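Novice: I would like the atomic coordinates for the input below:
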Amino acid sequence: MLWVSRIITGLIVIAVALFLAASVFLSIRKGAFFNLYAYRLDQWVNAGGNVKTVDAEVVPSCGKLAMTQWGAWQDIRFLTVDRGEFDFEVDVCVKLTVNRLYKQPEFEKPEIVKMVCAGTNDLYRRLCQRAGLTPSS
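Specialist: Got it, this is the predicted structure:
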């Protein structure tokens with residue numbers, strides 16, 4: 001039975017090592033992923049932003065953008081027990097992108113712009129900059 005516990009311990013060590021390696025890789029690539037998916041959103045805006053293609057073009061890019069900006073622990077949490085938070089992040093990204101062409105009523109309110117664009121979420125701040133939204137003091 002000692003060999004079973006050693007095998008299980010070895011597997012756990014390997015799993016943790018792989019998880020940490022993936023975390024390091026993703027943190028290094030975070031900026032490149034932001035540029036890739038933000039570019040895709042820019043393309044949608046620059047092409048005139050066909051409202052009929054929001055679900056097919058903007059939503060998937062926002063989902064991938066959101067996932068690539070988290071840490072590995074957040075990935076696990078958001079995609080399992082906290083799926084609502086993932087959906088919220090994607091919705092904010094979509095609204096910020098669509099707002100670049102079609103003004104969204106939420107962003108007419110200075111308190112909402114301040115909460116979204118001046119908060120601690122780096123993804124929101126960067127998307128706000130692309131959308132030209134600046135929080136009032």
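
Novice: remind me, longest helix of the chain?
Specialist: Criterion DSSP state H: the longest helix present in the chain is helix 2-46.

Novice: For the protein, which residues score under the pLDDT cut-off?
Specialist: Low-confidence segments of the chain (pLDDT under 70): 22-29, 72-73, 75, 137.

Novice: at 90 what do you get?
Specialist: Confidence mapping of the chain against pLDDT under 90 gives the ranges 1-11, 13-33, 66-86, 119-122, 134-137.

Novice: Could you count how many residues lie near Gly31?
Specialist: By other C-beta atoms under 10 Å, 11 other residues sit near Gly31. The C-beta positions use only the backbone N, C-alpha and C, and glycine is treated the same way.

Novice: what's the spacing between it and Asp87?
Specialist: Look at Gly31 and Asp87: by C-beta to C-beta, to the nearest Å, they are 25 Å apart.

Novice: picking up where we left off before, so what secondary structure elements neighbour the longest helix of the chain?
Specialist: If contacts are counted by 3 or more C-beta pairs under 8 Å, 6 or more residues apart in numbering; DSSP states H and E, helix 2-46 sits against helix 59-69, helix 72-79, helix 83-99, helix 122-131.

Novice: Columns distance to Leu20 and mean neighbour count on top of those helices, output as JSON lines?
Specialist: Listed next are the helices and strands packed on helix 2-46 as JSON lines, based on distance: least, C-beta to C-beta, whole Å; neighbours: other C-beta atoms under 10 Å:
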{"stretch": "helix 59-69", "distance to Leu20": "18", "mean neighbour count": "19"}
{"stretch": "helix 72-79", "distance to Leu20": "8", "mean neighbour count": "15"}
{"stretch": "helix 83-99", "distance to Leu20": "23", "mean neighbour count": "18"}
{"stretch": "helix 122-131", "distance to Leu20": "22", "mean neighbour count": "18"}
